[in-house]
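Undergrad: structure here, sequence nowhere to be found:
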């Protein structure tokens, strides 16, 4: 953390007195989903104190938040210089790669300069082997390759890195053979209309599966997950869309064209404010054989053939860097490497495992969540055919 404080402090030293006051104002009145630093703590604070407060409040995200505030202030040159320092700031706090397990070494490159893989490993002979050995337990394909529509909704406004998520997810869906219907910066009502119109498309009759991907700010209201509309104020009363409405739109009653066909839902959004980690006391540590273990639940509900994967656990925040959200980045990594011979639930499991092992620091932890899943067979994507 000392290195993080240092680069933020050095950056703040480049701000003139009036600009530094504006920087402090942004920390007291953030426009994004950021917990404000109390005005009482920032009153008469110098640059060193502000750097210390930011690291204390935001830990792993302190540099990213400093970059965002600088861009909001139109201090783009200073923000770019700080971004270039981000990787070298993060690296010393991670596990030493020379002695780390292979899985940890593979996770280290996923930082602000991450780039998606060049290609998906194609399914070749593995398809015939899978179908031959498990034909009755695998969702059928119409012809020689998967065919279907995909709905992609991305709210980029006030979400740095979201444009990368949109670009990468559109690339992935098309590489898997889906025809993508894309929408950007929709209000809550517009999201509802887009999902309903997508469910009514006649082309679903000739498809064998579908994807619905929504990426935005989010929260939980009345114990239900919501997606916020683009540009929503977090005190706004009604600009949101309930996630569970997707299941209603695509169920057997309202979308009979997708009966017995896999319906994959991916949601990248916060589901609360908790950073995801808890501090375990020394007396508690060692209670379990493996302190790093975790349990995940797959809930089975009345809707048939759904697979829903959400970026984080209920009441917990999701996290992004300049390269995009960790959830989408790990999906890209896992799908490109393993979709050729792993079915969708195995892919979700690999994403969950990799995110849980991500070398996060202190209270910020990453763990996606499988929700409302009711697949009755194995769903293979068979890419590259």
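TA: Right, received. Where do you want to start? The structure displayed is predicted, hence computed values, not measured ones.

Undergrad: all strands of the protein, in order?
TA: 148-154, 178-184, 209-215, 218-221, 224-228, 240-242, 263-268, 306-310, 320-321, 324-325, 369-371 (DSSP state E).

Undergrad: show me what the fifth one is packed up against.
TA: Strand 224-228 makes packing contacts with helix 188-199, strand 218-221, strand 240-242 when contacts are defined by 3 or more CB pairs under 8 Å, 6 or more residues apart in numbering; DSSP states H and E. Bear in mind the C-beta positions are built from the backbone N, C-alpha and C, glycine included.

Undergrad: what's the closest of the ones you listed to residue 166?
TA: Closest approach to residue 166 among the helices and strands packed on strand 224-228 (CB to CB): helix 188-199, 14.4 Å.

Undergrad: residues making contact with the closest one?
TA: Outside helix 188-199, the residues that touch it by CB atoms under 8 Å, 6 or more residues apart in numbering are 149, 151, 153, 181, 183, 186, 212, 214, 226-229, 232, 238-241, 245-246, 249-250, 254-255, 258.

Undergrad: per-residue confidence averaged over it?
TA: The average pLDDT within helix 188-199 is 96.

Undergrad: that one versus strand 178-184: what angle between them?
TA: Helix 188-199 runs at 160 degrees relative to strand 178-184, counting by axes from the mean of the first three to the mean of the last three CA atoms, to 10 degrees.

Undergrad: ok, for the most centrally placed residue in the chain, nearest residue in space, not its chain neighbours?
TA: Centroid-nearest residue in the chain, with CA atoms, centre = their mean: residue 327, separated by 3.2 Å. Ranked by CB to CB, 6 or more residues apart in numbering and with sequence neighbours excluded, the top spatial neighbour of residue 327 is residue 311, at 3.6 Å.

Undergrad: and that neighbour, how many neighbours does it have?
TA: Residues near residue 311, counting by other CB atoms under 10 Å, number 29.

Undergrad: where's it relative to residue 161, distance?
TA: In this view, residue 311 and residue 161 are 13 Å apart by CB to CB, to the nearest Å.

Undergrad: point out where the stretch 251-385 of the chain drops to low pLDDT.
TA: Applying pLDDT under 70 to the stretch 251-385 of the chain flags residues 280-303, 359-363, 385.

Undergrad: still on that earlier bit, pretty sure the residue nearest to the centre of the chain contacts residue 321?
TA: No. Using CB atoms under 8 Å, residue 327 makes no contact with residue 321, being 11.6 Å away.

Undergrad: hmm, back to that, what's the closest of the strands of the chain to residue 57?
TA: Short answer: strand 320-321, nearest of these by CB to CB, at 17.3 Å.
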